[in-house]
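Undergrad: Sequence first, predicted coordinates after that:
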Amino acid sequence: MRVHLVNPSHVSFGIAVITPRWLYVLAAATPRTWGDPVLVDETLEVLDPASVEPGDVVGIGIHTGNALRGYEVGRAVRERGAWVVYGGIHATLYPEEAHELGGAHAVVKGDGDLAWAGVVEDCVKGTPRRIYDAGQVPAGYFLPARWDLLPRQRYMWASVQTVRGCPKHCSFCSVWRTDGQEPRQRGVDAIVAEVVELRRMGFRFIALADDNFYPVTLEDLAMAARRLDKTRLHELEALRAERFELMDRLSKLPSDMVFFTQITMEAAEDQGFLEAMARARIRGALVGVEAVTPEGLKDVYKGFNASGEDLVERLQAFRQHGIHVLGSFIFGLPSDRAETFEATAALADRADVTFAQFVMLTPFPGTLDFTEWEKSMASDPRRIDGIPLTRHWLIPQALRPKVYVPHPVMSADEIRDRTQNTWDRFYSLRNIWERSRCVKSLKARLAFLLISKIYRQMYANTGIATDSARVGRSARWARLMIKPCQRLFTASPMPDLQAPAANRAPAGADLVQLTRSASPAN
Ligand code: SF4
């Protein structure tokens with residue numbers, strides 16, 4: 001009996017940008033009795049069902065975008081006589097769907113870190129449960145990934161998770177509902193050990209694949225300090241202290257290492273945090289800007305973000321600390337108008353954003369937006385291939401429409417055209433070349449240009465375009481360009497690298513003082 005873990009995808013590039021971390025974490029959760037699991041990442045190449053034998057256990061992780069391909073894989077391997085188990089966000093939200101359409105024997109809802117070993121044992125005994133409610137695993141139980149199983153040459157960036165969960169509640173995002181609003185922060189030693197292992201293998205670019213790298217804001221601390229009971233304040237201070245300790249340890253790793261993370265904009269107000277990020281060589285951050293107006297931010301329950309000139313200043317604060325921003329903007333918010341697109345593009349330029357993504361407001365399952373939209377669609381008679389639009393992920397890929405939240409004054413086509421134009425403007429050769437001044441040598445500027453173009457091809461054309469020829473061309477182009485790009489990210493292995501020792505007085509030692517000074521109660 002063998003265990004197979006499959007990351008489904010309907011498009012394969014041969015090389016992928018970031019390692020699908022969950023595959024390697026579940027590999028670590030697989031009992032060693034059954035040998036090393038077979039890992040199949042279909043963003044590299046498709047699964048060959050003939051590699052699966054009767055009695056094998058196949059774990060398939062799905063999100064909404066790859067659920068249909070996941071179901072195809074599940075049915076194919078069930079026909080081969082395998083036990084089929086689903087997990088991931090989509091299976092957590094729609095466990096019955098995996099049973100009805102994906103040939104599931106079992107579905108794991110929530111985090112698989114602790115549950116997976118038991119699921120495999122149950123399958124081997126022939127008695128898998130229909131549903132496993134695994135819930136949210138405490139941070140102390142997060143498993144380090146089995147990087148020893150990774151095909152090194154096929155990924156550009158590795159990924160390490162440092163915290164799960166996000167305290168916010170943005171309407172278009174499912175993270176706070178699926179991963180929870182209480183940050184679950186991993187211990188520093190465990191994170192550093194994984195990073196060191198990856199650098200030993202020759203990865204110098206690492207994504208800190210977190211929901212929100214800045215889970216405790218100065219405002220949170222100030223609010224907790226106003227309470228009579230200081231328990232919460234001390235909890236938050238401890239979380240914050242751990243962040244500083246982590247960044248201090250990262251700063252002692254080889255100087256060629258580069259980290260990238262995802263963070264809320266509030267970090268820009270926190271000088272000490274930005275400085276610690278810079279020392280840790282966290283050189284890039286995806287910042288969810290979403291909207292450039294207060295009305296737009298209100299539309300998505302993201303009032304904690306800044307707008308207008310304040311927004312420009314906050315985004316620039318990252319750059320002033322050497323942290324490049326990948327700004328994420330959403331179009332199609334109810335308050336958006338034709339002029340919003342131009343205003344957004346102009347702001348992205350003024351704010352020194354190094355990369356940007358412009359997405360259309362989409363009702364993703366598990367979000368507040370989806371719940372609203374699903375209700376509004378209750379009487380919509382439209383079906384494609386017999387499937388209602390509210391289950392659009394089940395429509396065959398070739399027929400599947402892009403589904404967006406309806407807008408009060410603009411049509412989806414208008415929003416799409418304007419969004420596409422904004423991508424075209426931001427990623428014009430001239431603008432990319434201008435932005436490439438952020439790196440010094442000609443070689444680095446050319447690399448910047450290449451990466452910008454690949455990013456645009458992979459995300460704009462394949463993500464927004466409805467024309468399948470355009471999507472196909474983009475995928476082919478990205479496949480061609482990704483190979484030379486991969487070489488830019490490779491470093492010589494450092495097999496003897498040791499983890500830096502913990503600092504007894506980390507650079508954030510003054511942070512309690514900082515916290516106290518942020519508190520009006522002090
Ligand atoms: S969009 Fe970002 S800030 Fe908002 S809930 Fe999701 S992870 Fe948190």
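TA: Happy to help now that I have it.
Undergrad: Only C-alpha atoms from now on, for both contacts and neighbour counts.
TA: OK.
Undergrad: closest point of the stretch 251-400 of the chain to the ligand, which residue?
TA: Closest to the ligand within the stretch 251-400 of the chain is T264: 5.8 Å, counting by Cα to the nearest ligand atom.
Undergrad: Correct me if wrong: that residue contacts V287.
TA: Yes: under the criterion of Cα atoms under 8 Å, T264 makes contact with V287 at 5.8 Å.
Undergrad: Neighbour count for those two, which is higher?
TA: Shown here are T264 and V287; by other Cα atoms under 10 Å, V287 has more neighbours (24 against 21).
Undergrad: so who does the more buried one touch?
TA: Q262, I263, T264, M265, V325, L326, G327, S328 (Cα atoms under 8 Å, 6 or more residues apart in numbering).
Undergrad: tell me, how many neighbours does the first one end up with?
TA: By the measure other Cα under 10 Å, the count of residues near Q262 is 20.
Undergrad: Bridging across strands, which residues link to A207?
TA: For A207, the beta-bridge partners are S159, F260 (DSSP bridges).
Undergrad: again with I384
TA: I387.
Undergrad: Now do it against L442, distance only.
TA: 50 Å (Cα to Cα, to the nearest Å).
Undergrad: more crowded one of these two?
TA: Each of I384 and L442 has its neighbours counted (other Cα under 10 Å); I384 has more, 14 against 11.
Undergrad: so that one makes contact with W393?
TA: No: using Cα under 8 Å as the test, I384 is too far from W393 to be in contact (11.1 Å).
Undergrad: And the closest residue to A224 other than its chain neighbours, which helix or strand is it part of?
TA: Sequence neighbours aside, L233 is the residue nearest to A224 in space, at 4.9 Å (criterion: Cα to Cα, 6 or more residues apart in numbering). Using DSSP states H and E, the element containing L233 is helix 231-251.
Undergrad: what about that helix, average pLDDT?
TA: The pLDDT scores in helix 231-251 average 97.
Undergrad: Which secondary structure elements does that helix sit against?
TA: Packing partners of helix 231-251 (3 or more Cα pairs under 8 Å, 6 or more residues apart in numbering; DSSP states H and E): helix 188-201, helix 218-226, helix 271-279, helix 511-518.
Undergrad: now the first one and helix 231-251, what's the angle there?
TA: Spelled out, that is helix 188-201. Per axes from the mean of the first three to the mean of the last three Cα atoms, to 10 degrees, the angle that helix 188-201 makes with helix 231-251 is 20 degrees.
Undergrad: Isn't Y24 up against A145?
TA: Yes: between Y24 and A145 there is a contact under Cα under 8 Å: 4.7 Å.
Undergrad: residue contacts, E42?
TA: Per Cα under 8 Å, 6+ apart, neighbours of E42: V6, N7, P8, S9, H10, V11, S12.
Undergrad: swap the cut-off to 10 Å and go again
TA: In this structure, E42 makes contact with V6, N7, P8, S9, H10, V11, S12, F13, G14, A16, R69, judged by Cα atoms under 10 Å, 6 or more residues apart in numbering.
Undergrad: mind checking the backbone torsions on whichever residue of the stretch 401-522 of the chain sits closest to the ligand?
TA: The ligand sits closest to V405 of the stretch 401-522 of the chain, with a gap of 16.6 Å, by Cα to the nearest ligand atom. Torsion angles at V405 (phi, psi; degrees, to the nearest 10) stand at phi -70, psi 130.
Undergrad: The stretch 251-400 of the chain against the ligand: which residues are in contact?
TA: Contact residues, the stretch 251-400 of the chain versus the ligand (Cα under 6 Å from any ligand atom): T264.
Undergrad: neighbours around K375, how many?
TA: Other residues close to K375 by other Cα under 10 Å number 10.
Undergrad: my read: it touches T390, true?
TA: Yes: if you go by Cα atoms under 10 Å, K375 and T390 touch, sitting 9.4 Å apart.
Undergrad: joint contacts of the two?
TA: By Cα under 10 Å, 6+ apart, K375 and T390 have no common neighbours.
Undergrad: quick revisit: what touches both of I384 and W393?
TA: R400, P401.
Undergrad: where does the protein have low pLDDT?
TA: The chain contains residues with pLDDT under 70 at 460-484, 504-522.
Undergrad: Tell me the residues of it that contact the ligand?
TA: C166, K168, H169, C170, C173, V175, W176, D211, N212, T264.
Undergrad: I'd like the residues you listed as CSV, with secondary structure appended.
TA: Below are the residues of the chain next to the ligand laid out as CSV (DSSP: H, G, I helix; E, B strand; the rest coil):
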residue, secondary structure
C166, coil
K168, coil
H169, coil
C170, coil
C173, coil
V175, helix
W176, helix
D211, coil
N212, coil
T264, coil
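Undergrad: from those, which is closest to A106?
TA: V175 (23.2 Å; Cα to Cα).
Undergrad: Could I get the contacting residues of the closest one?
TA: Per Cα under 10 Å, 6+ apart, neighbours of V175: I89, R164, G165, C166, P167, K168, H169, Q181, D211, N212, G366, T367.
Undergrad: number of nearby residues for the fifth one?
TA: Other residues lying near P167 total 18 when counted by other Cα under 10 Å.
Undergrad: nearest residue to it other than its sequence neighbours?
TA: Ranked by Cα to Cα, 6+ apart and with sequence neighbours excluded, the top spatial neighbour of P167 is Q181, at 4.1 Å.
Undergrad: Which strand residues bridge N7?
TA: For N7, the beta-bridge partners under DSSP bridges are D41.
Undergrad: any idea how far L368 is from the residue most central in space within the chain?
TA: In the chain, the centroid-proximal residue (Cα atoms, centre = their mean) is A209; its distance is 6.0 Å. Counting by Cα to Cα, the gap from A209 to L368 is 23 Å.
Undergrad: Extract the C-alpha set from stretch 147-155 and format it as PDB.
TA: What follows is stretch 147-155, C-alpha atoms only, in PDB (Å, rounded to 0.1, in the frame of the first residue of the first chain):
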ATOM      1  CA  TRP A 147      11.300  19.100   2.200                       C
ATOM      2  CA  ASP A 148      13.500  16.000   1.700                       C
ATOM      3  CA  LEU A 149      10.800  14.900  -0.800                       C
ATOM      4  CA  LEU A 150      10.900  18.100  -2.900                       C
ATOM      5  CA  PRO A 151      12.200  18.000  -6.500                       C
ATOM      6  CA  ARG A 152      14.500  21.000  -6.000                       C
ATOM      7  CA  GLN A 153      14.800  22.100  -9.600                       C
ATOM      8  CA  ARG A 154      11.100  22.400 -10.200                       C
ATOM      9  CA  TYR A 155      10.200  25.300  -7.900                       C
END
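Undergrad: got a list of contacts for it?
TA: 13-21, 23-25, 27-28, 36-39, 44, 158, 194, 197-198, 201-203, 483, 486-487, 489-490.
Undergrad: Near E339, how many other residues are there?
TA: 9.
Undergrad: Also G59?
TA: Neighbours of G59 using other Cα under 10 Å come to 27.
Undergrad: The residue nearest to C166 when sequence neighbours are not counted: helix or strand, and which one exactly?
TA: Among residues not flanking C166 along the chain, Q181 sits closest, at 4.7 Å (Cα to Cα, 6+ apart). Taking DSSP H and E as the definition, Q181 sits outside all helices and strands.
Undergrad: show me the contacts for Q181.
TA: Q181 touches R164, G165, C166, P167, K168, H169, V175, P215, counting by Cα under 10 Å, 6+ apart.
Undergrad: E242 and the ligand: what is the separation?
TA: E242 is 20 Å from the ligand, where distance means Cα to the nearest ligand atom, to the nearest Å.
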